[in-house]
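Chemist: how would this look folded up:
(chains A, B, C and D)
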2 protein chains.
Amino acid sequence: MPNTDRISKPTSRRMSLYLRVLQSQLDMQTNSISSKQLGAQTGVKDAQVRKDLACFGSLGRPGVGYRTHDLHQALLCLLGMDQTWKTVLVGAGNIGRALLAYPRFRNEGFDFVAAFDQEKKTVGKRIAGLVIQPMSELKKSVKQNKVQLGLIAVPPDAAVQVAQCLVDAGIRGILNFAPKRLDLPSGIAVVNVDFTDALEQLAFEIRLSNNDIKVMK
Amino acid sequence: MPNTDRISKPTSRRMSLYLRVLQSQLDMQTNSISSKQLGAQTGVKDAQVRKDLACFGSLGRPGVGYRTHDLHQALLCLLGMDQTWKTVLVGAGNIGRALLAYPRFRNEGFDFVAAFDQEKKTVGKRIAGLVIQPMSELKKSVKQNKVQLGLIAVPPDAAVQVAQCLVDAGIRGILNFAPKRLDLPSGIAVVNVDFTDALEQLAFEIRLSNNDIKVMK
DNA sequence: GATTGTGAAGAGCTTCACAGCT
DNA sequence: AGCTGTGAAGCTCTTCACAATC
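Modeler: This is a model prediction of the structure:
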């Protein structure tokens, strides 16, 4: 039983990285993995890896490392990948449709039970096995199916309203692809994925390495 | 002329948030904005906003705030949005096609000059005004067009190879949508966008707020 | 009166280094 | 010998608080 109080955000992000390494290692029949190896494959220092994994108690064995199977199980459980998460998609535009079809989501326990869109043209179409429903059905569907997660892939102006609707319907967490800040009650988890943000970071970093930021009027 | 030495990663991320607020404010003819207002709309404390903006020198006026126009210009410039970035897409699957069609990219100065895919079925198709080319053309095209940015949206196993190819062709930065760590020479900027990561963070946060992490064998 | 810019304090994260275990 | 777990040191980021400015 991990001491979750001490798991910081940076740590939980790295946990995802460790999990990914473990998943590729499991196929290869490796019995153990050391903090050094894990670190090398994730770009993290070995001491940091050990600190991160300390929340699992004494999982590693000195002189050997961590049993891959046990560590994999522990990470799956910690990151909530040992259960199925009922999920809905709101917004079936280009991005939304790509997300619906993203095979990795289904493989990792995210079960899309419904998808919604405002456009009459889109409603009724079948994508990745789901028929797109009108927004008017959203609240009812989330409640009835006890959906826990919502993916928001609508234009920024609609995002706040959609989020509120999901929260009213009893959702627990939102993955937000709209470039818009969602100010939701505590108790509702929000993770933002913002493509423009990411590209701006990239442009900024390139300029930094160029020593190129001079023009500032 | 900002002192870029002191701009930390957390700060540059928030700069993107400030820029977004400014862009919506500009339309509304507001002359000035205070650190308090900026903070309220981004979820950042006012003192933090002022510290972040300190790299621009004395841009703000005590008692008044920051002139929206000047701040907007400064942020555009800092984040590299005052120029056009020649960009290629590698991988024209569901995600790749959605990215090509994402209108925000074009609006913010990212100019897609070419797109590539391995699948013969996909090559030759026209998406968002671009004809998908075979991978064999990638290196030549990047060199000839002096492309600076690459978007990688290929399966994880192919990502490393594609990245190497882009680097060899002289690219400056990579936005990586493949769930795979890219270990590239310093001087090449990499920003990762990992959907599975994001969903794992969400699942983890929900469990945290549930106080639900008990089972750990 | 309102707001900036910033030194100093506070909080948090990472790295070091080593005792202790296998 | 090799590796973990961890206290302590070092570093970075955030928040506070207030003099200076408009």
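
Chemist: buried residues in whichever helix in chain A runs longest, which are they?
Modeler: Longest helix in chain A, counting residues (DSSP state H): helix A:9-27. Within helix A:9-27, the residues that count as buried by 16 or more other Cβ atoms under 10 Å in any protein chain shown are A:12-23, A:25. All C-beta spots, glycine's among them, are computed from the backbone N, C-alpha and C.

Chemist: kindly export that helix (C-alpha atoms) in CSV.
Modeler: Provided in CSV are the C-alpha atoms of helix A:9-27 (Å, rounded to 0.1, in the frame of the first residue of the first chain):
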residue,chain,number,x,y,z
LYS,A,9,3.0,15.8,-9.5
PRO,A,10,6.5,15.5,-11.0
THR,A,11,6.7,12.0,-9.5
SER,A,12,3.4,10.8,-10.9
ARG,A,13,4.4,12.0,-14.3
ARG,A,14,7.5,10.0,-14.1
MET,A,15,5.5,7.0,-12.9
SER,A,16,3.9,7.0,-16.4
LEU,A,17,7.3,6.8,-18.0
TYR,A,18,8.4,3.9,-15.8
LEU,A,19,5.2,2.1,-16.6
ARG,A,20,5.8,2.4,-20.3
VAL,A,21,9.3,1.0,-19.9
LEU,A,22,8.0,-1.9,-17.9
GLN,A,23,5.4,-2.7,-20.5
SER,A,24,8.1,-3.1,-23.2
GLN,A,25,10.3,-5.0,-20.8
LEU,A,26,7.6,-7.5,-19.8
ASP,A,27,7.4,-9.0,-23.2
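
Chemist: contacting residues around it?
Modeler: When contacts are defined by Cβ atoms under 8 Å, 6 or more residues apart in numbering or on different chains, helix A:9-27 is touched by residues A:7, A:33, A:38, A:41-42, A:44, A:48-49, A:51-53, A:55, A:68-69, A:71-72, A:75-76, A:78-79, A:81, B:179, B:181, B:194, B:196-197, B:200-201, B:204.

Chemist: got the domain boundaries for chain A?
Modeler: For chain A, automatic domain parsing gives the domain ranges A:4-78, A:85-197.

Chemist: okay, those domains, which one's buried deepest?
Modeler: Neighbour counts (mean count of other Cβ atoms under 10 Å in any protein chain shown) averaged over each of those peak at domain A:85-197, with a mean of 19.

Chemist: can that one be said to contact chain B?
Modeler: Yes - using Cβ under 8 Å from any Cβ of the partner chain, domain A:85-197 reaches chain B at A:85, A:94-95, A:97-99, A:101-102, A:104-105, A:108, A:110, A:148-149, A:172-175, A:179, A:181, A:183, A:186-187, A:189-191, A:193-197.

Chemist: first-to-last residue distance for that domain?
Modeler: Criterion Cα to Cα, to the nearest Å; first-to-last residue distance in domain A:85-197 is 27 Å.

Chemist: repeat that for stretch A:102-113.
Modeler: 14 Å.

Chemist: if we can go back for a sec, partner strands of the next helix or strand after the longest helix of chain A and their direction?
Modeler: Following helix A:9-27 in sequence order, the next helix or strand is strand A:32-33 (DSSP states H and E). Sheet pairing for strand A:32-33, assigned by DSSP bridges, gives strand A:66-67 (antiparallel).

Chemist: quick one: mean pLDDT for the partner strand?
Modeler: Averaging pLDDT along strand A:66-67 gives 96.

Chemist: all helices for chain A, in order.
Modeler: Taking DSSP H as the test, the helices found in chain A are A:9-27, A:35-42, A:46-53, A:68-78, A:94-101, A:103-107, A:138-145, A:156-168, A:195-210.

Chemist: quick check: A:Ile206 touching B:Gly150?
Modeler: No - contact criterion Cβ atoms under 8 Å: A:Ile206 and B:Gly150 do not qualify, at 11.7 Å.

Chemist: joint contacts of the two?
Modeler: B:Gly173.

Chemist: and chain A, which of its residues are near DNA strand C?
Modeler: Within chain A, the residues that sit near DNA strand C (Cβ under 7 Å from any atom of the strand) are A:8-11, A:44-45, A:47-48, A:50-51, A:61-64.

Chemist: in a markdown table, list the helices of chain A along with distance to DNA strand D.
Modeler: Formatted as a markdown table, the helices of chain A follow (distance: least, Cβ to the nearest atom of the strand, whole Å):
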| stretch | distance to DNA strand D |
| --- | --- |
| helix A:9-27 | 10 |
| helix A:35-42 | 4 |
| helix A:46-53 | 4 |
| helix A:68-78 | 10 |
| helix A:94-101 | 28 |
| helix A:103-107 | 28 |
| helix A:138-145 | 32 |
| helix A:156-168 | 23 |
| helix A:195-210 | 13 |
